[in-house]
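A.B. asks: Build me a model from this:
(one chain, ligands or ions: 2)
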Amino acid sequence: MYSVETFDLTRKFKDVTAVNKINIKIEQGEIFGLLGPNGAGKTTLISMLCTLLQPTDGTAKVNGFDIITEKDKVRKSIGIVFQDPSLDNRLTAMENLQLHAGLYGVPKNERQKRINEVLELVSLTDKANVLVKNYSGGMKRRLEIARGLIHFPKILFLDEPTLGLDPQTREHIWDYIKTLAQHENITIIITTHYMEEADALCDRVAIIDNGEIKILDSPKKLKDKLKGDTIVLETKVDQKTLSKLKSVKSVKSIKQTDGKLYVNISNAEKNAVKILSIVKNVKSLSIRKPTLGDVFIHYTGKEFRDETNNGNPNKRFLVNRI
Ligand SMILES: Nc1ncnc2c1ncn2[C@@H]1O[C@H](COP(=O)(O)OP(=O)(O)OP(=O)(O)O)[C@@H](O)[C@H]1O
Ligand SMILES: [Mg+2]
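C.D. replies: Ligands and ions are numbered 1, 2, ... in the order given. Model (predicted):
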């Protein structure tokens with residue numbers, strides 16, 4: 001049995017098709033990533049899988065239960081950490097977890113042990129009796145993850161779980177997510193716009209845009225498929241130079257952002273000299289293999305510019321490729 005299997009799953013909002021006939025199969029124990037630009041349909045897709053939103057067409061099975069006719073069974077078998085926080089700020093972390101454990105029917109004799117376990121996992125043991133209103137954003141997010149796990153769900157849905165967290169906390173949470181997936185044989189379905197997060201965490205990644213899956217594979221295979229190298233030049237060039245570069249045969253694509261020029265090219269070691277004969281005033285040069293970010297740009301024509309505003313959700317935005 002698959003953890004998730006969708007059948008032409010579709011959701012329309014008036015004239016917007018947020019999710020368009022999606023068919024995916026997610027294996028048990030997988031960490032599955034959904035990557036897509038703003039408005040791609042990620043939240044709509046997982047909201048349907050969590051039974052929070054009714055499909056307008058098609059359906060899906062989650063842990064073997066139908067999301068339309070077996071909503072309650074689906075809900076009991078999943079944990080959810082969504083984009084909008086939903087903790088009770090007037091209670092302590094411990095009280096929030098006790099409340100949730102009760103609501104989800106965790107047996108009384110197991111409750112405290114499980115609460116301690118999940119608090120430990122997100123390093124909040126010593127803050128268990130602090131009111132949530134006095135928590136930082138990062139601490140709240142960690143507590144929400146702990147809460148999503150309290151009832152031993154078979155699938156954990158995480159919608160942008162590390163958005164707004166500092167890089168160190170993010171990596172801490174990745175470790176924790178990995179451990180969780182291995183030890184509890186839990187399936188994790190995660191949406192993220194951090195490419196390095198998807199790369200580090202996910203067994204498979206689906207790139208979604210305009211409600212459709214553009215490509216689905218392991219991060220390694222996706223990167224391998226792109227072939228070639230990326231030359232990163234610290235410089236700024238005008239339109240004329242860009243046109244010249246584009247006409248070079250080995251150049252596949254070019255992107256200019258934040259004072260850097262990214263040239264995707266075959267056989268970079270050999271062809272770098274040609275590029276340098278066209279581009280002037282280069283402050284630095286490096287050659288690297290394609291990243292998941294390059295894959296994303298390739299399939300969506302867009303990029304998430306998050307290198308310069310680490311962890312600040314308010315500054316998250318898209319830049320179009322030149
Ligand atoms: N309740 C709604 N009413 C009308 N349109 C909606 C609603 N929810 C989502 N949409 C539209 O559906 C599309 C997909 O939105 P969705 O929130 O699923 O995207 P997303 O990939 O999660 O984006 P983000 O990265 O910004 O979270 C967008 O065009 C959005 O405007
Ligand atoms: Mg979303």
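A.B. asks: would you say residue 157 is within a strand?
C.D. replies: Yes. Counting by DSSP: H, G, I helix; E, B strand; the rest coil, residue 157 is part of a strand.
A.B. asks: I'd say residue 197 and residue 162 touch.
C.D. replies: Yes. If you go by C-beta atoms under 8 Å, residue 197 and residue 162 touch, sitting 6.4 Å apart. All C-beta spots, glycine's among them, are computed from the backbone N, C-alpha and C.
A.B. asks: Go ahead and name everything in contact with the host helix or strand of residue 111.
C.D. replies: Here residue 111, judged by DSSP states H and E, is contained in helix 108-121. Here helix 108-121 makes contact (C-beta atoms under 8 Å, 6 or more residues apart in numbering) with 93-94, 97-98, 101-102, 106, 125, 128, 146-147, 149-150, 152, 176, 179-180.
A.B. asks: Of residue 197 and residue 162, which one has the most company?
C.D. replies: It is residue 162, of residue 197 and residue 162, that has more neighbours when counted by other C-beta atoms under 10 Å, with 26 against 22.
A.B. asks: lowest-confidence helix or strand of this structure?
C.D. replies: Lowest mean confidence among the helices and strands of the chain (mean pLDDT, DSSP states H and E): strand 318-320, at a mean of 38.
A.B. asks: if we can go back for a sec, from the contacts of helix 108-121, which ones fall inside strands?
C.D. replies: Among the contacts of helix 108-121, none falls in strands (DSSP state E).
A.B. asks: are any of these buried, and which?
C.D. replies: 93-94, 97-98, 101, 106, 128, 146-147, 149-150, 176, 180 (16 or more other C-beta atoms under 10 Å).
A.B. asks: Present the residues you listed as CSV; the columns should include pLDDT and distance to ligand 2.
C.D. replies: As requested, the buried ones among the contacts of helix 108-121 are exported to CSV (pLDDT from 0 to 100; distance: C-beta to the ion, whole Å):
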residue, pLDDT, distance to ligand 2
93, 97, 26
94, 97, 30
97, 96, 26
98, 96, 30
101, 94, 28
106, 93, 29
128, 97, 30
146, 90, 22
147, 93, 20
149, 90, 21
150, 92, 24
176, 77, 22
180, 76, 22
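A.B. asks: Pick out whichever of those residues sits closest to ligand 1.
C.D. replies: residue 147 (20.9 Å; C-beta to the nearest ligand atom).
A.B. asks: what sits up against the helix ranked longest in the chain?
C.D. replies: Longest helix of the chain, by residue count under DSSP state H: helix 167-183. Residues from elsewhere that reach helix 167-183, judged by C-beta under 8 Å, 6+ apart: 29-31, 121-123, 138, 141-142, 145, 149, 156, 158, 161-162, 165, 186-188, 190, 194, 197, 200-201, 310-311.
A.B. asks: Repeat that for stretch 134-143.
C.D. replies: So stretch 134-143 is contacted by 81, 85, 87, 93, 96-97, 122-124, 127, 132, 161-162, 164-166, 169, 173 (C-beta under 8 Å, 6+ apart).
A.B. asks: what helix or strand is residue 261 on?
C.D. replies: Residue 261 belongs to strand 260-265 when elements are defined using DSSP H and E.
A.B. asks: helices or strands up against that strand?
C.D. replies: Where contact means 3 or more C-beta pairs under 8 Å, 6 or more residues apart in numbering; DSSP states H and E, strand 260-265 is packed against strand 229-234, strand 251-257, helix 268-278.
A.B. asks: for the longest one, what is the average pLDDT?
C.D. replies: The one in question is helix 268-278. For helix 268-278, mean pLDDT is 91.
A.B. asks: list the buried ones in that helix?
C.D. replies: By neighbour count with 16+ other C-beta under 10 Å, helix 268-278 contains the buried residues 268, 271, 272, 275.
A.B. asks: which non-adjacent residue is nearest the first one?
C.D. replies: Using C-beta to C-beta, 6 or more residues apart in numbering and skipping the chain neighbours, the partner closest in space to residue 268 is residue 229 (3.7 Å).
A.B. asks: Then the third one?
C.D. replies: Computed as C-beta to C-beta, 6+ apart, the closest residue to residue 272 that is not its neighbour in sequence is residue 231, at 5.9 Å.
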